[in-house]
Structure formats: C-alpha cells, structure tokens
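Peer 1: quick one, what's the 3D model for this:
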Amino acid sequence: MPLPALIEIVPLDKPVHAAITVPGSKSITNRALILAALADGETTLEGALWSEDTQVMVECLQELGFMVNVAPDPNELCNRTITVYGKGGAVPRGGTTEQPLELFVGNAGTAARFLAAFVCLGEGVYRLHGVQRMHERPQAELFAALRELGYQVEAEHLNEKLPVRILVSGSSGVRLRFPVRKDKPEGSGVQSCSVSIENSSQFASALLLCANAGRWNVHVVGENAEESPYVAMTTELIEVFPKKGGAFRIEPDASSGSYFLAADYLIPSDEHLEYSERFGIEVPTRSLQAVTVADWPSSDWQVDVKFLHNPVLHGLDLAFGLGETPEGRKEMQTGRRLGVWDGVKRGESISRKRDLGDSIMTAIVLAPLSIGSIQFTDLGRLRVQECERVVALRTELTRCGAKVIEEGDTLTVYPSELHGAEIETYDDHRMAMCFAILGLKVPGIKIKDPACVKKTFPNFFQKLATPPPKGLGVTIRDVRTGRALGLDELFAT
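Peer 2: Down below sits the predicted model:
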C-alpha cells in the first residue's frame, strides 16, 4: 500500500530510549558498485544500500552486461548483499550510432556522473538520460574533462547536460577518434585532464574511480579541491577496495543517521519530565543521549560523521537544574554537557564545503530552535541537487514561522517561534526527512509526497513509527482520514 499524499507527524511527548539502525551509505555503495565492476573477479558488497539511487546503478550495470546478484540483508530491510562479477577494467560493448545502448539514471547524480566516465572504458555508443530534474543538473565540467581525455561526448542540447551520447572507438579504453595530446610523451598511453569541482565533487570522483583502468591522470581543481571530503572518500575507497575481488562492507549512512541524532535533542527526556512535574520548569533538552544510531561509522570517509558534534545541536543542549542562592532562594541554573561545543558563538558559521555534507539541511531546519542566530555558508551546491534546496529550505522554514535571510549562497537562521504547516518536499527526499524530524517537536507539521524518501531511505517513516528500542514510536497520520498509519503502510515505494 503506497504512502498517502499528505501525512502528519505527531510530536513525541514521552521519553524514548532507542538504538536505530540506518541503511548503508549511498555515497559508498555507488562508488563500491563501480569499483566492484572494475575489479578482477567476484566482489561481495555487504550492508549495501538498496534504494532508488542504488537500484538505478545496479540496473545500469546489468544493462551494460555485468552479472550482479542481489540478496536480502538479515539485519536491515533497506540493505542488500550485492555480488558483482567484475571484468578487470573492461566494459562490455555498447550500441551503435543508430541504436545506442540506453542507460536510465533516474535522478541519481552519482549514477549519472560515475557511469558517464565508466562507459568510456568500453566501445560503441552509450546514451545516458534520466528524469527531468536530472536533465537540469550540471554536467559540463565532467563532459569537458572526458573530451580532454579524447572521448566524443555529445550533449543533445546546448546546455551541456543530460541526455548525452558518448561514443568510444576501438577496443576497451582506447581512443581512436582524437589524437594523443602533444604535451604527453609518445607511447606513454597516459592521458591527462583537469576537472573543476565547483558545481559537484562527483565530477572528480567519476574520473578517479576509472582512472586506473583508463590510464588517466586526473587533476582536480576548484576551491578547497585538496580538502573536498567526497573526493577524499573516493581516493580512500580506491586505496582499500579489494581489486582482485573479495568482500567489502558498506558502513551505515551518516547523512541518514543525522535525522535520528537530531531527534535525540527534540524529544522529551526523563530529566525533562522529572523537572517539569516536580518544579513546573520547562527543560528543553537532555543531558544524556537516549537515541543513538547503531554502528555509527568509525571511519572519517563520510563528512556527515561530524554531525554527531554539530554545534547547532549543542546550541539546543541546555541542561537546566535548580540551585539555591546564598539567601536560600531556589532558582533555575543552566549548565552544559561536558566535552561539547558551547553553542554557536556570535559570528560563527557552518559551511557546506568545510563542515557538513547533506546533513547541513538537518542543521538548517533545526536552527530556529537554537539559542542564537546561525549562518550557513557555501550553500551553492544545494541549489543544483534534487531541488533548489536553498530556496526550498528558506521557503518552508518561513512557512513554519521562522525568520530566514538568504544572501548569496548563505542562509542566516534566527531563533523563532515555530508553528505547523504543510511542507512542500519538491520531490526531494531530504526535504521530507528534515521536516519530519522537526515535526517531533513542532505540532502540525504535515509532509507532502512523503514517498520521495525512497530515493535513499525507503523505510525512514517506518523507523520513526516502530516502537522503541528499534524505532521512536512516533504516531504518523493520514491527513485525509485522520487515521494513524500502520508500519506496513509507511514503506516508500
């Protein structure tokens, strides 16, 4: 049964103690699928995410002629054990000019970018296309780099975006249509290119994943290119991945985990109720973590592991208590959990390039509940992802009563009294999940088109509704009927 078109999140009014499992990392899964196809032998990916984006990648590899077997994961509904039979760097032949081999990439940026580089290791003609939003997302820097390497890349429109036809001549990985660059020693067989990551780090990752098989020398340029967390993830995965086949475990997705780390700060704690009942004092947060994410990643591959120490959360982390003045008068005192940020200091900012990845959206949505105004900077990439996320976040937070100022690629969010609203999700999974978490605290939050979470986290709403300790026990209603939805009605398809 599909999710209703409009659901309401009912705030939690009691303590919750839970350890939530989240599916595998999308970023790692789709990189690992490419590396497994390039490996020499059979590779088993354990804990791999099974969602719209990764299914698209698997289906494209199968369409290309790779054998990929998918089996259930006993520990997580939205994970799979995926076995890929690699071809040692070779890619099966594509189609012809008249009938290219068609690859549908949906709205998966990783699939679109990674496969564009990957098919250059093959022979023949390949055509990549997706949904309309994917046709609006940037590709120009990647196409330019592939042309610099000598491949024929023909965008069907003048905007240098999908759909695109990629023509590869000769045997696997050999370019015959263009001459070898004159600045390379004759006979070296190594081609060089530069690629900018200003619009997306996925351009560099696409080239780096295939660089060894294609004998490419890739120079990454752009602001903070050497510190890009997603490029670093790619290079580290390439280093440790079993190139001759074997087993590789995908760690849980830190971006998905951020929603539940945020929930820990929004739902009532035992301390909250004790003080409220005993003294009539409203206690906003907890002093001990009651909601955790099981198997939180121990590596630093995912930039969003930093969300665990997000200063926005700790801006919410006031722990109230009672003390006595020298005159014996009881009054409220404040303190903070030891070892954490002291909130966001005046003038401090959080950067999409430096501090957080996609979980910065969770931080932005929670920011109106913090103790001071917060600037979120370097948000340009959010504009060209699943939706125009900067405008979407400002619009929907404003709809909830927040004061949000947009200046260039910066959002400044001020402490605000929030109220319920119907949230447009713009077919963007992260918009749906961020505002659903806000609904744990703010009454009346209604999520439109909640099934869009299928892109990366199909059982997200099931995790919210599952009773503790495996879920939060949240009531989720069908707005049209007012009926509380059962777990079997909350899976996004």
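
Peer 1: wait, residue 194 sits on residue 219?
Peer 2: Yes - with contact taken as Cβ atoms under 8 Å, residue 194 and residue 219 are classed as touching, separated by 4.5 Å. No exception for glycine: its C-beta is placed from N, CA and C like everyone else's.

Peer 1: out of the two, which sits in the busier spot?
Peer 2: Counted by other Cβ atoms under 10 Å, residue 194 and residue 219 do not tie: residue 194 has more neighbours, with 16 against 12.

Peer 1: how about the helices in the stretch 51-200 of the chain?
Peer 2: For the stretch 51-200 of the chain, the helices defined by DSSP state H, counting those that start in this stretch occupy 52-64, 109-118, 132-136, 140-148.

Peer 1: helix/strand/coil for the closest residue to residue 365 other than its chain neighbours?
Peer 2: Leaving aside its sequence neighbours, residue 365 sits nearest to residue 434 (Cβ to Cβ, 6 or more residues apart in numbering; 4.2 Å). With DSSP: H, G, I helix; E, B strand; the rest coil as the basis, the three-state label of residue 434 is helix.

Peer 1: per-residue pLDDT, residue 434?
Peer 2: In the predicted model, residue 434 carries a pLDDT score of 98.

Peer 1: quick one: contacts for it?
Peer 2: Counting by Cβ atoms under 8 Å, 6 or more residues apart in numbering, residue 434 makes contact with 259, 361-362, 364-365.

Peer 1: including neighbour count, distance to residue 350 and pLDDT, could these go into JSON lines?
Peer 2: Formatted as JSON lines, these follow (neighbours: other Cβ atoms under 10 Å; distance: Cβ to Cβ, whole Å; pLDDT from 0 to 100):
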{"residue": "259", "neighbour count": "26", "distance to residue 350": "17", "pLDDT": "97"}
{"residue": "361", "neighbour count": "28", "distance to residue 350": "11", "pLDDT": "97"}
{"residue": "362", "neighbour count": "29", "distance to residue 350": "11", "pLDDT": "95"}
{"residue": "364", "neighbour count": "27", "distance to residue 350": "9", "pLDDT": "95"}
{"residue": "365", "neighbour count": "27", "distance to residue 350": "13", "pLDDT": "96"}
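
Peer 1: from these, pick the one nearest residue 155.
Peer 2: Closest approach to residue 155 among the contacts of residue 434 (Cβ to Cβ): residue 361, at 29.5 Å.

Peer 1: that closest one against residue 389, yeah?
Peer 2: Yes - between residue 361 and residue 389 a contact is recorded at 6.6 Å, counting by Cβ under 8 Å.

Peer 1: list the residues that contact both of the two?
Peer 2: Counting by Cβ under 8 Å, 6+ apart, the common neighbours of residue 361 and residue 389 are 382, 430-431.

Peer 1: looking at those residues, which is nearest residue 438?
Peer 2: Minimum separation from residue 438 among the shared contacts of residue 361 and residue 389 (Cβ to Cβ) is found for residue 431, which lies at 11.0 Å.

Peer 1: verify the stated contact: that closest one with residue 387.
Peer 2: Yes - judged on Cβ under 8 Å, residue 431 makes contact with residue 387 at a distance of 6.9 Å.

Peer 1: neighbour count for these two, which is higher?
Peer 2: residue 431 (26 against 23).

Peer 1: give me the nearest residue to that one, chain neighbours excluded.
Peer 2: For residue 431, ignoring the flanking residues on the chain, the nearest one in space by Cβ to Cβ, 6+ apart is residue 425 at 4.5 Å.

Peer 1: OK, contacts around that neighbour?
Peer 2: Neighbouring residues of residue 425 by Cβ under 8 Å, 6+ apart: 431-432, 435, 447-450, 452.

Peer 1: of those residues, which belong to helices?
Peer 2: Counting by DSSP state H, those place 431-432, 435 in helices.

Peer 1: from the contacts of residue 425, keep the buried residues only.
Peer 2: The neighbour-count criterion (16 or more other Cβ atoms under 10 Å) marks 431-432, 435, 447-450, 452 among the contacts of residue 425 as buried.
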